[in-house]
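J.: here you go, sequence then predicted model.
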Amino acid sequence: DGGITQSPKYLFRKEGQNVTLSCEQNLNHDAMYWYRQDPGQGLRLIYYSQIVNDFQKGDIAEGYSVSREKKESFPLTVTSAQKNPTAFYLCASSITVGRSNSPLHFGNGTRLTVT
Amino acid sequence: ILNVEQSPQSLHVQEGDSTNFTCSFPSSNFYALHWYRWETAKSPEALFVMTLNGDEKKKGRISATLNTKEGYSYLYIKGSQPEDSATYLCAFILNDYKLSFGAGTTVTVRA
(Lines give C-alpha, C1' and ligand atoms only; values in the text may rest on other atoms or scores of the structure.)
Protein backbone atom coordinates (compact mmCIF):
# COMPACT_ATOMS: atom_id res chain seq x y z
CA ASP A 1 0.00 0.00 0.00
CA GLY A 2 1.33 3.43 -0.91
CA GLY A 3 1.47 6.08 1.72
CA ILE A 4 3.43 8.40 3.94
CA THR A 5 5.31 7.14 6.97
CA GLN A 6 6.30 9.43 9.79
CA SER A 7 8.48 8.29 12.63
CA PRO A 8 8.54 8.23 15.50
CA LYS A 9 4.95 8.72 16.65
CA TYR A 10 6.06 10.29 19.94
CA LEU A 11 9.35 12.05 20.56
CA PHE A 12 10.72 13.56 23.76
CA ARG A 13 13.73 15.84 23.88
CA LYS A 14 15.47 18.11 26.31
CA GLU A 15 15.55 21.80 25.60
CA GLY A 16 18.64 22.80 23.62
CA GLN A 17 18.85 19.58 21.64
CA ASN A 18 18.24 19.34 17.91
CA VAL A 19 15.86 16.62 16.82
CA THR A 20 15.03 15.20 13.38
CA LEU A 21 11.59 13.97 12.36
CA SER A 22 11.41 11.44 9.58
CA CYS A 23 9.00 11.49 6.63
CA GLU A 24 9.06 8.91 3.85
CA GLN A 25 6.60 8.49 0.98
CA ASN A 26 6.24 5.79 -1.65
CA LEU A 27 3.56 7.56 -3.67
CA ASN A 28 6.04 8.89 -6.23
CA HIS A 29 4.88 12.42 -5.40
CA ASP A 30 7.04 15.37 -6.38
CA ALA A 31 5.85 17.80 -3.70
CA MET A 32 6.29 17.34 0.04
CA TYR A 33 5.33 19.55 2.96
CA TRP A 34 5.77 19.92 6.72
CA TYR A 35 2.98 21.36 8.83
CA ARG A 36 2.74 22.11 12.51
CA GLN A 37 -0.45 21.93 14.56
CA ASP A 38 -1.03 23.75 17.83
CA PRO A 39 -4.26 23.59 19.84
CA GLY A 40 -7.01 25.79 18.40
CA GLN A 41 -5.02 26.72 15.31
CA GLY A 42 -5.02 25.60 11.72
CA LEU A 43 -2.16 23.67 10.26
CA ARG A 44 0.75 26.03 9.64
CA LEU A 45 3.26 25.43 6.87
CA ILE A 46 6.89 25.11 7.96
CA TYR A 47 8.67 24.11 4.73
CA TYR A 48 7.73 22.63 1.38
CA SER A 49 9.61 21.06 -1.46
CA GLN A 50 8.51 20.81 -5.06
CA ILE A 51 11.41 18.71 -6.32
CA VAL A 52 14.55 16.95 -5.13
CA ASN A 53 17.29 19.28 -3.87
CA ASP A 54 14.91 22.23 -3.71
CA PHE A 55 12.77 23.53 -0.86
CA GLN A 56 11.14 26.77 0.24
CA LYS A 57 10.29 28.31 3.57
CA GLY A 58 6.68 28.31 4.63
CA ASP A 59 5.03 30.67 7.07
CA ILE A 60 6.87 29.57 10.22
CA ALA A 61 10.29 28.31 9.08
CA GLU A 62 12.37 29.96 11.81
CA GLY A 63 14.13 27.37 13.97
CA TYR A 64 13.57 24.55 11.49
CA SER A 65 15.61 23.05 8.68
CA VAL A 66 14.89 20.45 6.00
CA SER A 67 16.59 18.52 3.24
CA ARG A 68 15.33 16.79 0.11
CA GLU A 69 18.11 14.56 -1.13
CA LYS A 70 15.75 11.85 -2.33
CA LYS A 71 12.28 12.10 -3.81
CA GLU A 72 10.93 9.76 -1.16
CA SER A 73 12.32 11.52 1.90
CA PHE A 74 11.83 14.94 3.48
CA PRO A 75 13.23 15.00 7.03
CA LEU A 76 12.58 17.97 9.31
CA THR A 77 15.10 19.09 11.92
CA VAL A 78 13.80 21.08 14.86
CA THR A 79 16.76 23.09 16.09
CA SER A 80 17.43 24.61 19.47
CA ALA A 81 16.61 27.99 17.91
CA GLN A 82 12.92 27.08 17.70
CA LYS A 83 11.40 28.81 20.71
CA ASN A 84 8.27 26.68 21.12
CA PRO A 85 9.01 23.29 19.56
CA THR A 86 6.43 21.26 21.46
CA ALA A 87 3.71 20.53 18.92
CA PHE A 88 2.18 17.97 16.59
CA TYR A 89 4.00 17.75 13.24
CA LEU A 90 2.39 16.49 10.05
CA CYS A 91 4.16 15.60 6.83
CA ALA A 92 2.25 15.60 3.54
CA SER A 93 2.81 15.07 -0.15
CA SER A 94 1.02 15.85 -3.39
CA ILE A 95 1.38 14.66 -6.96
CA THR A 96 2.45 17.65 -8.96
CA VAL A 97 4.63 20.66 -8.78
CA GLY A 98 3.41 24.11 -9.46
CA ARG A 99 -0.08 25.46 -8.88
CA SER A 100 -2.30 22.47 -8.78
CA ASN A 101 -5.50 21.20 -7.34
CA SER A 102 -4.12 17.82 -6.36
CA PRO A 103 -5.01 16.97 -2.76
CA LEU A 104 -2.49 16.43 -0.01
CA HIS A 105 -1.79 12.98 1.38
CA PHE A 106 -0.80 13.07 5.04
CA GLY A 107 1.22 10.93 7.38
CA ASN A 108 0.03 10.04 10.88
CA GLY A 109 2.11 12.74 12.52
CA THR A 110 4.79 13.00 15.18
CA ARG A 111 4.06 14.52 18.57
CA LEU A 112 7.19 16.26 19.83
CA THR A 113 7.54 17.23 23.47
CA VAL A 114 10.49 19.33 24.56
CA THR A 115 11.11 19.84 28.26
CA ILE B 1 -0.64 34.59 5.91
CA LEU B 2 -4.16 34.74 4.53
CA ASN B 3 -6.86 33.91 7.04
CA VAL B 4 -9.17 31.02 6.45
CA GLU B 5 -12.00 31.00 8.96
CA GLN B 6 -14.12 28.00 9.84
CA SER B 7 -17.31 28.15 11.86
CA PRO B 8 -18.49 26.88 14.15
CA GLN B 9 -15.40 25.59 15.94
CA SER B 10 -17.36 22.55 17.10
CA LEU B 11 -20.84 21.15 16.91
CA HIS B 12 -22.81 18.23 18.27
CA VAL B 13 -25.35 16.45 16.09
CA GLN B 14 -27.87 13.79 16.90
CA GLU B 15 -27.53 10.64 14.83
CA GLY B 16 -29.73 10.89 11.77
CA ASP B 17 -29.80 14.69 11.74
CA SER B 18 -28.22 16.74 8.99
CA THR B 19 -25.79 19.56 9.56
CA ASN B 20 -23.61 22.05 7.75
CA PHE B 21 -20.73 24.37 8.50
CA THR B 22 -18.76 27.09 6.82
CA CYS B 23 -15.32 27.89 5.49
CA SER B 24 -14.59 31.55 4.66
CA PHE B 25 -11.57 32.62 2.65
CA PRO B 26 -10.21 35.65 0.80
CA SER B 27 -12.14 35.96 -2.44
CA SER B 28 -9.29 37.51 -4.43
CA ASN B 29 -6.70 35.38 -6.23
CA PHE B 30 -8.71 32.21 -5.71
CA TYR B 31 -7.18 29.07 -7.11
CA ALA B 32 -8.66 26.09 -5.27
CA LEU B 33 -10.27 25.04 -2.01
CA HIS B 34 -9.72 21.70 -0.32
CA TRP B 35 -11.81 19.93 2.30
CA TYR B 36 -10.24 17.25 4.54
CA ARG B 37 -11.67 14.95 7.18
CA TRP B 38 -9.47 14.20 10.17
CA GLU B 39 -10.60 11.37 12.40
CA THR B 40 -9.02 10.84 15.79
CA ALA B 41 -5.80 8.79 15.66
CA LYS B 42 -5.79 8.87 11.87
CA SER B 43 -4.24 11.13 9.26
CA PRO B 44 -6.27 13.82 7.47
CA GLU B 45 -8.00 12.48 4.38
CA ALA B 46 -8.96 14.55 1.35
CA LEU B 47 -12.69 14.87 0.74
CA PHE B 48 -12.99 17.43 -2.03
CA VAL B 49 -10.92 19.71 -4.22
CA MET B 50 -13.01 22.56 -5.58
CA THR B 51 -11.89 25.03 -8.18
CA LEU B 52 -14.87 26.63 -9.92
CA ASN B 53 -17.41 29.10 -8.61
CA GLY B 54 -20.66 27.26 -8.13
CA ASP B 55 -18.93 23.87 -7.82
CA GLU B 56 -20.87 21.23 -5.95
CA LYS B 57 -19.16 18.00 -4.93
CA LYS B 58 -20.64 14.93 -3.31
CA LYS B 59 -19.19 11.86 -1.61
CA GLY B 60 -21.80 9.61 -0.09
CA ARG B 61 -23.74 11.64 2.48
CA ILE B 62 -21.24 14.49 2.45
CA SER B 63 -21.42 17.33 -0.04
CA ALA B 64 -19.84 20.74 -0.49
CA THR B 65 -20.58 23.94 -2.34
CA LEU B 66 -18.31 26.77 -3.35
CA ASN B 67 -18.87 30.51 -3.82
CA THR B 68 -15.61 32.12 -4.90
CA LYS B 69 -17.11 35.57 -5.46
CA GLU B 70 -18.14 35.96 -1.84
CA GLY B 71 -15.41 33.72 -0.43
CA TYR B 72 -17.15 30.84 1.28
CA SER B 73 -17.75 27.11 1.05
CA TYR B 74 -20.31 25.01 2.89
CA LEU B 75 -19.90 21.39 3.84
CA TYR B 76 -23.08 19.39 4.43
CA ILE B 77 -23.53 16.07 6.18
CA LYS B 78 -26.87 14.42 5.53
CA GLY B 79 -28.23 11.92 8.04
CA SER B 80 -25.20 12.07 10.34
CA GLN B 81 -23.75 8.79 11.57
CA PRO B 82 -21.25 8.18 14.41
CA GLU B 83 -18.53 7.50 11.85
CA ASP B 84 -18.90 11.09 10.64
CA SER B 85 -17.41 12.29 13.92
CA ALA B 86 -14.19 14.04 12.96
CA THR B 87 -12.56 17.40 12.49
CA TYR B 88 -13.24 18.85 9.06
CA LEU B 89 -10.53 21.12 7.69
CA CYS B 90 -10.74 23.46 4.78
CA ALA B 91 -7.68 24.85 3.02
CA PHE B 92 -7.34 27.67 0.54
CA ILE B 93 -4.63 27.38 -2.09
CA LEU B 94 -2.46 30.38 -2.71
CA ASN B 95 -0.77 31.36 -5.93
CA ASP B 96 2.59 30.02 -4.78
CA TYR B 97 1.47 26.43 -4.22
CA LYS B 98 0.87 26.77 -0.52
CA LEU B 99 -2.31 25.75 1.25
CA SER B 100 -3.58 27.93 4.06
CA PHE B 101 -5.63 25.88 6.53
CA GLY B 102 -8.50 26.85 8.77
CA ALA B 103 -8.59 25.65 12.39
CA GLY B 104 -11.32 23.14 11.59
CA THR B 105 -14.84 22.30 12.67
CA THR B 106 -15.06 19.35 15.05
CA VAL B 107 -18.23 17.34 14.57
CA THR B 108 -19.46 14.94 17.24
CA VAL B 109 -22.38 12.70 16.31
CA ARG B 110 -24.35 11.42 19.29
CA ALA B 111 -26.09 8.07 19.01
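T.: Arrived safely, thanks for sending.
J.: wait, A:Ala87 touches A:Gln37, no?
T.: Yes - A:Ala87 is within contact range of A:Gln37, at 6.4 Å (criterion: Cβ atoms under 8 Å). Glycine gets a C-beta too; all of them are placed from N, C-alpha and C.
J.: using the three-state scheme, assign A:Arg36.
T.: Using DSSP: H, G, I helix; E, B strand; the rest coil, the structure places A:Arg36 in strand.
J.: hang on, isn't it packed against A:Thr86?
T.: No - between A:Arg36 and A:Thr86 no contact is recorded; they are 10.3 Å apart, counting by Cβ under 8 Å.
J.: sketch out the low-pLDDT regions of chain A for me.
T.: Using pLDDT under 70 as the threshold, the predicted model of chain A has low-confidence ranges A:1, A:97-100.
J.: hmm, 80 instead?
T.: Confidence mapping of chain A against pLDDT under 80 gives the ranges A:1-2, A:96-101.
J.: show me which residues of it are close to chain B?
T.: For chain A, the contact set with chain B under Cβ under 8 Å from any Cβ of the partner chain comprises A:4, A:31, A:33, A:35, A:40-45, A:48, A:50, A:58-59, A:90, A:97-109.
J.: what do you get if the cut-off is 6 Å, keeping everything else the same?
T.: Applying Cβ under 6 Å from any Cβ of the partner chain, we find that chain A lies next to chain B at A:Gln41, A:Gly42, A:Leu43, A:Leu45, A:Asp59, A:Arg99, A:Asn101, A:Pro103, A:Phe106, A:Gly107, A:Asn108.
J.: look up the closest residue to the residue sitting nearest the centre point of chain A, ignoring the ones flanking it.
T.: To find the centre residue of chain A, average its C-alpha atoms and take the closest one (Cα atoms, centre = their mean): that gives A:Trp34, at 2.6 Å. Spatial nearest neighbour of A:Trp34, chain neighbours left out: A:Ile46 (4.3 Å); criterion: Cβ to Cβ, 6 or more residues apart in numbering or on different chains.
J.: before we move on, what about B:Thr51?
T.: Excluding its sequence neighbours, the residue lying closest to B:Thr51 (Cβ to Cβ, 6+ apart) is B:Ala32, at 4.8 Å.
J.: residues touching that neighbour, list them.
T.: With contacts defined as Cβ atoms under 6 Å, 6 or more residues apart in numbering or on different chains, the neighbours of B:Ala32 are A:Asn101, B:Val49, B:Thr51, B:Ile93.
J.: hmm, who's touching stretch B:65-77?
T.: Judged by Cβ under 6 Å, 6+ apart, the contacts made with stretch B:65-77 from elsewhere in the structure are B:19-25, B:27, B:30, B:33, B:35, B:50, B:53, B:55-56, B:62-64, B:84, B:88.
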